[in-house]
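Asker: Fold the stuff below for me.
(chains A, B and C, ligands or ions: 2)
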Amino acid sequence: MSYVELKDIRVSYDNKTDILKDLNLSIEKGELVSLLGPSGCGKTTTLRVIAGLIQPNDGEFLVDRHNLTKVPVHKREFGMVFQSYALFPHLTIKENVAFGLKLRKEKKSVIDQKVKDILAITGLEELGDRYPKQLSGGQRQRVALARALVIEPKLLLLDEPLSNLDAKLRIAMRIEIKRIQSQLGITSVFVTHDQEECFSISDKVAVMNKGVIEQFDTPEEIYKNPKTEFVARFIGFENFFDLTLIEKGKYKAVDGTIFLSTRQWEEEKKTGTIRPDDIEIVSEAGDANTVSGTIKVRTFLGKSYQYEVETSIGTLLVNEVDDVIYQVGDTITLSIPSHKLIIV
Amino acid sequence: MRKNIGLKSFAWLVFAFLLIPLLIIVITSFGTNSTIQFPIKGFTFNWYGKVFQNESFMDSFVLSLEVAFIGTLAALIIGVPAAYSLARHKVFGRNWIKSFFLSPTIVPGLVVGYAVYQFVVIQFQFPILQGLMLGHFLICLPYVIRVVGSTIEQLDFSIEEVSWTLGCTKLQTFFKIVIPNITSGIFASFMLAFINSFNNIPVSQFLSGPGVTMLPTSLMNYIEYNYDPSVSALSVVLMLGTIVLMFIIEKTLGLASIS
Amino acid sequence: MTQRRLPYIILAPGMILLILFLVLPLISIIFPTFFDGGFTFANYISFFKDEYNLGIFWRTLRVSLIATLVCVLLGVPTAYYISQSPKKWRGLLMSITLFPLLTNSVVRSFAWITILGQGGIINTALMNFGIISKPLTLLYTEFSIIIGSVYLFLPLMVITLVGILENIDSEMMEAAETLGANRFIAFMKVILPLSVPGIIVGSILVFTGSMTAYTTPQLLGGNRNIMLATFLYQNATALGNWKGASVIALIMIAATVIVMKLFDWVAKRMDKRGEASA
Ligand SMILES: Nc1ncnc2c1ncn2[C@@H]1O[C@H](COP(=O)(O)OP(=O)(O)OP(=O)(O)O)[C@@H](O)[C@H]1O
Ligand SMILES: [Mg+2]
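Answerer: Numbering: from 1, shown residues only, chains lettered A, B, ... in the order given. Ligands and ions are numbered 1, 2, ... in the order given. Prediction:
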């Protein structure tokens, strides 16, 4: 049994539509798991169930074999970093950070020491006596993190903690969060809808769609082997075409072209997909995995050109960094390498 | 999904405290007894008839409407341009002038009425009715300055600038661009000022005389010597008026805009 | 040239009217209270030397203070409840609160006469149940003025507070809870301190309102429980003591201004969120 277990969690706000549908998730001790998915898919809801801010309609939530489903928020001892940070504006940074410790009735000297330590870890030593309004976005974010960490939570919950920051700061802060999290070995759940952020920080990723987890895997696995069309689309596969199965690893497209795939094989899956980056433009057609078409649209992307090519298996997007620049109307031949063709 | 029974019960007790006294008035207005009773014995609409036959109530009702209307209108005519000027123009001592316009709220209503009575009516021999209207104008003005002022401050200044670049004069812009965009503020301040002026007693307390008595004052005078359900009946009529006004406000602006 | 004069032309009518019909009248009533042959504070000194007057003065402050405290105690939880209720309910709850506020104050005071009077609802009920044999004196007491004032001004307090509480991020409460505070503690340590500005604004309204109210003490206070406003009116009409009335007028204005400044000062002291030094 894993350290954290969500079992068949169902949540409905209005008792009509289910926002979470029998959601299952297992997290090992010390892991950082991300919930990734489009807006409205239920990431925040999942996190709030874990925090105890929402009672699930059905299902169980366990940490370390203890059933916490009915335990109120304030007894769970989880640290949570809110998207808005939710710093208490009437308290100084030190008082904000000490808030949870004071409630635990710890000795003043202990509190002072712990606050000092965590402010050092989060790089906030100098700012302890300021008020939240007097801090920059990144500093506030670190205070929120410090406040959640200082209570030595069994579980750290982060709801899009970086979404209010500018691009540069986001990158710096996610490295910081990862560093502190692994340094302290805190089991964490991180919510985001930014895949790059998610891949760079997580041990494991749960891709969510409409209240269910579509795939739960390591970032590499998700990037290379999306299991469902939804996951594939969400992480940047843009070309999808129908296939019929001939035998294991061998398929036929609508126009009769044969496609081979060396990737994972499951009988019931019949849609081929590939990233625009992975399609190659070749000079002549081969026996299999090639298809010809006419360029309809050319878009300059900076590092490459993107061609929208109309082929006999459907419209395909191709990114080409080549020096050769094709014109709209040109006919070109595309190769879809068998080791890059995914079947979902 | 997360409830708090204690808080809920407390709040509903407070709501009960706010509503039950008024509800009691409604009930007592139907009693047949010649003094107010609760619970009532019998049921009659007679007291409502009495109210509408009572000339002093009816006269003062009409007077109250007139005075509140004129006071509010005057406050709008003077106040809206002033609020605009305070919001948009570079005015020397702006905050002082604004506080000055709001100052009738600092002076207790009874004192306003008293001062106006002493100075305007006694010393300068104005008719008492004009004094009364002046007093109500004074208490209406701050509502206009405050509500319309904040509406104008929230209005994007660039739409006026665009209008100037398109060839409108400043005066035309004020009427064609500014006014249409602050109608909700004007309406809200009109409602607020009107209700408060209509309900106000202290200001009118000194400024009344033969034939010049506002409705709340005449109701108050009546209560001093009578304790019959016609008071309840008149109260209910006034409450119905309040409900109608609240309904109008809710439908046009939303009640949130005046609170 | 005209550009610079324009605002003053627009502002002039209002200012002139205010000067003519508010400032000058006020000066004309206040000025004589300082002159008795020469300049003197005698009128004010003798006002505050008189036991009877002092009694009225302190009663006014006492009643206003108690009414304000009660309004805070009843208003804060109620406003919090409103601010936390779902949007579709909030409008209804606000209407329940607004309705008494927009209802005439004579009507509102009269309601309490029917409840508290000798033959009023409470006494009738208590006697019917045999709990008391003689009616209690509830009406025409300080108690009845306080109830009336609370009834008059509680909606104002609630509405002011709802405005503030709605703007406090609900995640603030949740953050406190995840840190180990139960809801009561979270409310006391986070929501309450954050609503202090609203409580102060509301308290100013309630306190100055009760202090200068005329209708409620007139109807619910009777002749033995006079407050400043009713005393002013008595002086001016029944007693014909115009100077005395003017003295009270200035005392009421001064008390209002002082209370407002005092509360503002408290608010500034308590609101240490670093905006000033940011
Ligand atoms: N309090 C609520 N009452 C009713 N519906 C809600 C409530 N909170 C969220 N929902 C609905 O539940 C669904 C999931 O919401 P949730 O906040 O979990 O999404 P999310 O994945 O966090 O999205 P985002 O990336 O936009 O934050 C949404 O359709 C939302 O409209
Ligand atoms: Mg979310």
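
Asker: alpha carbons only for contacts and neighbour counts from here, please
Answerer: Will do.

Asker: and chain A, which of its residues are near chain C?
Answerer: With CA under 8 Å from any CA of the partner chain as the criterion, chain A meets chain C at residues A:51, A:53, A:73-82, A:84, A:86-91, A:99-100, A:103-104, A:130-134, A:148, A:151.

Asker: Strands - which of the residues you listed land there?
Answerer: A:Phe78, A:Gly79, A:Met80, A:Val81 (DSSP state E).

Asker: Would you mark the buried spots in stretch A:280-289?
Answerer: A:Glu280, A:Ile281, A:Ala288, A:Asn289 (16 or more other CA atoms under 10 Å in any protein chain shown).

Asker: now stretch B:209-222
Answerer: By 16+ other CA under 10 Å, the buried positions in stretch B:209-222 come out as B:Val212, B:Thr213, B:Met214, B:Leu215, B:Pro216, B:Thr217, B:Ser218, B:Leu219, B:Met220, B:Tyr222.

Asker: I'd like the ones in strands among the residues of chain A next to chain C laid out as a markdown table, including neighbour count and pLDDT.
Answerer: Rendered in a markdown table, the data for those read as follows (neighbours: other CA atoms under 10 Å in any protein chain shown; pLDDT from 0 to 100):
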| residue | neighbour count | pLDDT |
| --- | --- | --- |
| A:Phe78 | 24 | 93 |
| A:Gly79 | 29 | 92 |
| A:Met80 | 30 | 94 |
| A:Val81 | 26 | 93 |
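
Asker: Please tabulate the residues you listed in TSV, including the columns distance to chain B.
Answerer: Written out in TSV, the entries for these read as follows (distance: CA to the nearest CA, whole Å):
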residue	distance to chain B
A:Phe78	19
A:Gly79	20
A:Met80	19
A:Val81	21
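
Asker: sorry, back to before: now flag whichever of the buried residues of stretch B:209-222 is closest to chain A.
Answerer: Looking at the buried residues of stretch B:209-222 and their distance to chain A, the nearest is B:Pro216, at 45.1 Å (CA to the nearest CA).

Asker: does the helix or strand harbouring the closest one come close to chain C?
Answerer: Using DSSP states H and E, B:Pro216 sits within helix B:215-225. Yes: counting by CA under 8 Å from any CA, chain C is contacted by helix B:215-225 at B:Pro216, B:Leu219, B:Met220.

Asker: which helices and strands sit right next to that helix?
Answerer: Using 3 or more CA pairs under 8 Å, 6 or more residues apart in numbering or on different chains; DSSP states H and E, the elements in contact with helix B:215-225 are helix B:55-88, helix B:229-252, helix C:105-116.

Asker: deepest of those, which one?
Answerer: Looking across the helices and strands packed on helix B:215-225 with neighbours counted as mean count of other CA atoms under 10 Å in any protein chain shown, the highest average goes to helix C:105-116: a mean of 24.

Asker: that older thread, of the residues of chain A next to chain C, just the buried ones, PyMOL syntax please.
Answerer: The PyMOL selection below is limited to those of those classed as buried (16+ other CA under 10 Å):
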select buried, chain A and resi 51+53+73+74+76+77+78+79+80+81+82+84+86+87+88+89+90+91+99+100+130+131+132+133+134+148+151
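
Asker: Keep only those of the residues of chain A next to chain C that are in helices.
Answerer: When the residues of chain A next to chain C are checked against helices (DSSP state H), the matches are A:Ala51, A:Phe99, A:Gly100, A:Leu103, A:Ala148.
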